[in-house]
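Participant: Structure for the following, please:
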Amino acid sequence: MSLSPASYRVQVLDRTCDILECLASNGPELGVSEISLDLGLSKTTVHRLLSALAKREFVRRAPASGRYRLGIKLVELGQRAGDADSLVVSAGSYLTRLVAETGETAHLGVLLDGQVVSLCAVESPKTLRKPATVGRRTPAHSSSLGKCMLADLTSAELTAALAQLSLERFTPRTIVSYEVLSRELRKVRQQGFAVDDEEFEQGLTCIGAPVRDASGRVIAALSVAGPKSRLGSQVMEQHAATVVRLALGLSKELGCRPTEDLAELRVRGVG
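Facilitator: Purely as a prediction, here's the structure:
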């Protein structure tokens, strides 16, 4: 059965997006055969769509290998999207302050389909540091950013989010039990921040705090990330207070008015 012109155009758009996402997930460079195999599309279709994308600079073909990678046009569009996004624009100064006050790399992330998407970051000036990973997706259960956002979900929302999580193990410290994760999220709600203690990558520690909008809902999270060797218990406590304080500041800028619970966190020395 042939497709209508409108359905065909939608199918082409879907396949084009699939190719871009395949390059983003499996790159940095892939050949036509690899993309074809991954997406279950014919090599002819993949080659035709890649050629069209290359003409518009959405992908780039390496002359020597003939393989493809994401192009400069996506960087340009991403920058424009970031500039237009009030959350990203507002977060910039807070990320810079986080780095200045903690010396560690700072991140802003949002929750999407059970994963944390890094929207923007400012790298630590130190030689040994966590590099910025803008655009990267991280499973929420193994991320301080993710746990901050999961902790704010209603029971129904959390159930739906957990259904999308496989609780994959990345290190010996990764939480792989739904019961343990539920206890961890209760702790996050009580203390106002979350910790990734070598749960995604050995030797890496992250501290995150929620960012709220005018309605009081958590829409994102801020974090700092650095080597475990620099983040002992006393330093962790200090950094947690800093992250919570600046996340509260960003929340206020977005229109949130602190509740009594948030005020109590500051009284206890966390904010």
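Participant: only C-alpha atoms for contact and neighbour calcs from this point on.
Facilitator: Will do.
Participant: what helix or strand is the nearest residue to L95 once chain neighbours are set aside on?
Facilitator: Distance criterion Cα to Cα, 6 or more residues apart in numbering; nearest residue to L95, sequence neighbours excluded, is A106 at 5.5 Å. Assigned by DSSP states H and E, A106 belongs to strand 105-112.
Participant: One more: L248?
Facilitator: Assigned by DSSP H and E, L248 falls within helix 233-253.
Participant: again, but for V117
Facilitator: Assigning secondary structure by DSSP H and E places V117 in strand 115-122.
Participant: contacting residues around that strand?
Facilitator: Strand 115-122 has contacts (Cα atoms under 8 Å, 6 or more residues apart in numbering) with 82, 88, 92, 95-96, 99, 105-111, 132-140, 143, 145-146.
Participant: make it 6 Å
Facilitator: With contact meaning Cα atoms under 6 Å, 6 or more residues apart in numbering, strand 115-122 is reached by 105-110, 132, 134-140, 146.
Participant: Would you mind writing the CA trace of that strand as PDB?
Facilitator: Output of strand 115-122 as PDB, limited to C-alpha atoms (Å, rounded to 0.1, in the frame of the first residue of the first chain):
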ATOM      1  CA  GLN A 115      16.900  10.300  31.800                       C
ATOM      2  CA  VAL A 116      18.700  13.400  32.600                       C
ATOM      3  CA  VAL A 117      19.600  15.700  29.700                       C
ATOM      4  CA  SER A 118      22.400  18.100  30.300                       C
ATOM      5  CA  LEU A 119      21.400  21.500  29.100                       C
ATOM      6  CA  CYS A 120      24.400  23.600  30.000                       C
ATOM      7  CA  ALA A 121      27.600  23.400  32.100                       C
ATOM      8  CA  VAL A 122      30.600  25.400  33.200                       C
END
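Participant: Cheers, nothing more for now.
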